[in-house]
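*Asks:* quick one, structure for this:
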Amino acid sequence: MKARRKTPDIILKDGKPAEVILDIEEYREMLERLEDMEDLMALEKVRKKPLEFKKLDDFLNEYTPKLPSSLAPVMIGELE
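*Replies:* Have a look, this model is predicted:
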């Protein structure tokens, strides 16, 4: 059985709702649902664009890996 949700507390300012106090778990669940919705909207946008493909040789000719300086090749003269 699912735990019953706490009713949020509504804070009034000048007689109008201004703020809400939520249970932390309910707040986290709400954020998770919002992130899921944003992901779905981004996916829909990507799916509307036509797919573009490149030949492997063309990609490899254009691709230059970016290595961190700690992994970059060292010239032999620099080691001495």
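
*Asks:* strands along the protein, start to end?
*Replies:* Assigned by DSSP state E, the strands in the chain fall at 9-13, 16-21.

*Asks:* the inter-axis angle of the longest one versus strand 9-13?
*Replies:* To tie it back to what came earlier, the one meant is strand 16-21. Orientation note: strand 16-21 sits at an angle of 140 degrees relative to strand 9-13 (axes from the mean of the first three to the mean of the last three Cα atoms, to 10 degrees).

*Asks:* got any ranges where this protein has weak pLDDT?
*Replies:* Within the chain, the ranges that satisfy pLDDT under 70 run 1-4, 71-80.

*Asks:* CA atoms of stretch 5-20 as CSV?
*Replies:* Backbone C-alpha positions of stretch 5-20 (Å, rounded to 0.1, in the frame of the first residue of the first chain) are rendered in CSV as follows:
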residue,chain,number,x,y,z
ARG,A,5,0.9,12.1,0.7
LYS,A,6,1.1,15.0,3.0
THR,A,7,-1.0,18.0,1.9
PRO,A,8,1.3,20.9,0.9
ASP,A,9,1.1,24.0,3.1
ILE,A,10,0.3,27.1,1.2
ILE,A,11,1.7,30.4,2.5
LEU,A,12,-0.4,33.5,1.9
LYS,A,13,0.9,37.0,1.3
ASP,A,14,-1.6,39.8,1.2
GLY,A,15,-4.4,37.1,1.2
LYS,A,16,-3.0,35.5,-2.0
PRO,A,17,-1.1,32.2,-2.3
ALA,A,18,2.6,33.1,-2.5
GLU,A,19,4.6,30.0,-1.5
VAL,A,20,4.2,26.3,-1.0
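
*Asks:* contact partners of that stretch?
*Replies:* Ile21, Leu22, Asp23, Glu26 (Cβ atoms under 8 Å, 6 or more residues apart in numbering). Where C-beta positions appear, they are placed from N, C-alpha and C, glycine not excepted.

*Asks:* much appreciated, bye for now.
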